[in-house]
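Peer 1: How does the following fold in three dimensions:
(one chain, ligands or ions: 1)
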Amino acid sequence: MAKHIAVYPGTFDPITNGHLDIIERGLRLFDGLVIAIAESPVKEPLFTVDERIRMVKEATKKYKNVKIESFNCLLIDYIHKKKANIILRGLRVISDFEYEFQMALTNRKLAPDIETVFMMTAEGYSYLSSRFIKEIARLGGRFDCFVPPNVAKMLKEKF
Ligand code: ADP
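Peer 2: Next up is the predicted model:
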């Protein structure tokens, strides 16, 4: 049987327990995952792409069949290059839906051979976003319960 490799793209600035939950459950569905870290300069990430690669590698080291890479081209071009045909995305709240819906349909129009698969967040992580974690860290709040220990350490070093 053909192996199904999904690409899980995102900014991962930083990776959170919500992302890790999608990765863990995604690995039950697919033979392998490529975690594709978008360089996203327009989003002005807090962490450099090398820092994000490092933190995702450390946070996912216990999983087999996970590969971590960065990309800075059109997502569908990257996926074609990887010879994959599945995009994995997570959905949290209704506000995610509109953006994800537009992106999935745009990608399908540009690359009909690629399918986007959505996984619903675990209810405990439905409110969790990298953006809020950065805001909490900036303002001196506690964020250890939202991110893996290596990310908590890197966030403390940043602020
Ligand atoms: P992007 O800039 O592409 O949105 P993110 O790193 O913010 O990158 O998110 C990558 C993917 O992970 C998105 O599909 C997002 O909806 C999903 N995601 C982020 N946080 C969570 C969470 N707490 N639960 C489930 N999915 C999540």
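
Peer 1: Residues contacting stretch 88-103, please?
Peer 2: Defining contact as Cβ atoms under 8 Å, 6 or more residues apart in numbering, one finds that stretch 88-103 is touched by 6-9, 18-19, 22, 26, 30, 33, 104, 116-121, 125-129. Placement of C-beta: from N, CA and C, glycine included.

Peer 1: So which of these would count as near the ligand as well?
Peer 2: 18-19, 22, 121, 125, 128-129 (Cβ under 6 Å from any ligand atom).

Peer 1: Please indicate which of the contacts of stretch 88-103 are buried?
Peer 2: Neighbour counting by 16 or more other Cβ atoms under 10 Å classes 6-9, 18-19, 22, 26, 30, 33, 104, 116, 119, 121, 125, 128-129 among the contacts of stretch 88-103 as buried.

Peer 1: Need the per-residue pLDDT for the closest residue to residue 147 other than its chain neighbours.
Peer 2: In this structure, residue 147 finds its nearest non-sequential neighbour in residue 16, 5.3 Å apart by Cβ to Cβ, 6 or more residues apart in numbering. In this model, residue 16 is scored at 98, pLDDT.

Peer 1: Count the neighbours of residue 16 for me.
Peer 2: 22 (other Cβ atoms under 10 Å).
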